[in-house]
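Participant: Show me how the following folds:
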Amino acid sequence: MTDALVEIGDAYEAESGVNVTFSFGGSNALARQVEFGAPADAVIFAGSGPMDQLEASGDVVAGSRDDLLSNRLVVIGGMGASALSELAGLDELDGRIALADPALAPAGFYAKQSLESVGLYERFESRLIPTLDVRAAVGAVDTGGASFGLVYATDASANSGVEVLLVVSEDLHDRIVYPAAVVEGSGRGDAAAEFLDFLGEDRSLVIFETYGFEVPGG
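Facilitator: Down below sits the predicted model:
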């Protein structure tokens, strides 16, 4: 998401003359910062939970939410690792498994959901390596700190040192969405809404697709 947003932000600045500044971090942590009054004009999260939280607390403008993108959860391993036919196949393999901490990032929540759906989360707890975010989980596999990872497909494709072993069935977890909304009381709500509209335009969605995101109607 980081690289795609920076590219789109640069294009928007060049066209509109409006400066766009991003603050990147774990979605859950960013949502808490907004709740505590951190300055922001708009928010985009890698999962529905943080946005649901801000809608419930009244910290985003009612009706401004738009689910922009989707993603897939994948199992990764080091280069040359054998493909898996199902998630439960991890039970037959040795090695630690990296995933974003479910308490910090939606990706970890989806990974936990998937393992729970096949009855493996509790059994695997001693094998799991929770990381700060998805990129750190991918990095753990790339550097050999973990044998496998449960991560977003987009983050896996951005790292040439790992290989996708399985695309996890969407039946095992909630649908992965990337919602965006305008922050309540930001003072620049109109400008924020215009930028979010730009993110939903075809030219922006094409950029998101080049980074592996799934777009509406794609």
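
Participant: tell me the contacts of the residue positioned nearest the centre of the chain?
Facilitator: In the chain, the C-alpha nearest the mean C-alpha coordinate belongs to residue 46, at 3.5 Å (CA atoms, centre = their mean). The contact partners of residue 46, taken as CB atoms under 8 Å, 6 or more residues apart in numbering, are 1, 27, 71, 105-107, 134, 152, 176, 178. Backbone N, C-alpha and C define where each C-beta goes, glycine included.

Participant: try 7 Å
Facilitator: For residue 46, the contacting residues are 1, 27, 106-107, 178, by CB atoms under 7 Å, 6 or more residues apart in numbering.

Participant: Export those residues to a markdown table and append columns for neighbour count.
Facilitator: Compiled in a markdown table, the contacts of residue 46 are given as follows (neighbours: other CB atoms under 10 Å):
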| residue | neighbour count |
| --- | --- |
| 1 | 22 |
| 27 | 27 |
| 106 | 26 |
| 107 | 28 |
| 178 | 24 |
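
Participant: that older thread, can you name the helix or strand that the residue nearest to the centre of the chain falls in?
Facilitator: Assessed by DSSP states H and E, residue 46 sits outside every helix and strand.

Participant: Residue 42 and residue 191 touch, don't they?
Facilitator: No - using CB atoms under 7 Å, residue 42 is not in contact with residue 191; the gap is 9.0 Å.

Participant: Please identify which of those two sits among more neighbours.
Facilitator: residue 42 (22 against 17; other CB atoms under 10 Å).

Participant: mind checking the backbone torsions on the more buried one?
Facilitator: Here is the backbone geometry of residue 42 (degrees, to the nearest 10): phi -150, psi 160.

Participant: Run through the residues that contact it.
Facilitator: Neighbours of residue 42 in contact, by CB under 7 Å, 6+ apart: 180-183, 192, 195-196.

Participant: now residue 113
Facilitator: Counting by CB under 7 Å, 6+ apart, the residues that residue 113 touches are 172-174.

Participant: Would you reformat the residues you listed as a markdown table and include distance to residue 93 and neighbour count?
Facilitator: Conversion of the contacts of residue 113 to a markdown table gives the following (distance: CB to CB, whole Å; neighbours: other CB atoms under 10 Å):
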| residue | distance to residue 93 | neighbour count |
| --- | --- | --- |
| 172 | 18 | 17 |
| 173 | 21 | 19 |
| 174 | 26 | 14 |
